[in-house]
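Visitor: Attaching a predicted model along with its sequence, questions to come.
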Amino acid sequence: MEKTKKMCAGCHDNFYNVNRKEGCWCFEPATIVERIQVGVWEPPPYKRDRAQKCLSCYRPDGYAMLKTDDCRVVESYGERP
């Protein structure tokens, strides 16, 4: 998978891709990673099967992006974080 500016959709900093000639300064050094998007209202644990590919700098408003090795991420809800 190749990184594109389409992957910035929904990110808090995507504003700069549209309103700054050089684009967002986070895009060039960013890498594609697997993260879990969690609403700030959701209590842990979080299931690993929710993981999605995104840019390492992706910051959606109202959500946290957790790494899949985070201690709050589990394979199934029967596990304890």
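Guide: Right, received. Where do you want to start?
Visitor: Low-confidence stretches in this structure?
Guide: Across the chain, the ranges flagged by pLDDT under 70 are 77-81.
Visitor: how about the helices in it?
Guide: 15-19 (DSSP state H).
Visitor: in it, which residue is closest to the centre?
Guide: Ranked by distance to the mean C-alpha position of the chain (CA atoms, centre = their mean), the top residue is residue 65 at 4.1 Å.
Visitor: Isn't residue 5 up against residue 17?
Guide: Yes - counting by CB atoms under 8 Å, residue 5 touches residue 17, with 5.6 Å between them. C-beta: built from backbone N, CA, C; applies to glycine.
Visitor: Number of residues surrounding residue 12?
Guide: Residue 12 has 14 neighbouring residues, counting by other CB atoms under 10 Å.
Visitor: check contacts around it.
Guide: When contacts are counted by CB atoms under 8 Å, 6 or more residues apart in numbering, residue 12 touches 59-61.
Visitor: Ok, residue 26 next?
Guide: Residue 26 neighbours (CB under 8 Å, 6+ apart): 13, 55, 57.
Visitor: Let me know the closest of those to residue 34.
Guide: Set against residue 34, the nearest of these by CB to CB is residue 55 (11.3 Å).
Visitor: Quick check: phi and psi on the residue lying closest to that closest one once chain neighbours are set aside?
Guide: Spatially, and ignoring its direct neighbours in sequence, residue 55 is nearest to residue 30 (4.3 Å; CB to CB, 6 or more residues apart in numbering). For residue 30, the backbone dihedrals (degrees, to the nearest 10) come out as phi -70, psi 150.
Visitor: Residue 30 contacts residue 59, doesn't it?
Guide: No - with contact defined as CB under 8 Å, residue 30 does not reach residue 59; the gap is 11.2 Å.
Visitor: picking that back up, which one of the contacts of residue 12 is nearest residue 51?
Guide: Distances from residue 51 to the contacts of residue 12, taken by CB to CB, are shortest for residue 60, at 14.9 Å.
Visitor: Please name the residues that touch the closest one.
Guide: Contact analysis of residue 60 by CB under 8 Å, 6+ apart lists 10-12, 37.
Visitor: what's the burial count for the residue nearest to residue 55?
Guide: Around residue 30 there are 16 residues (other CB under 10 Å).
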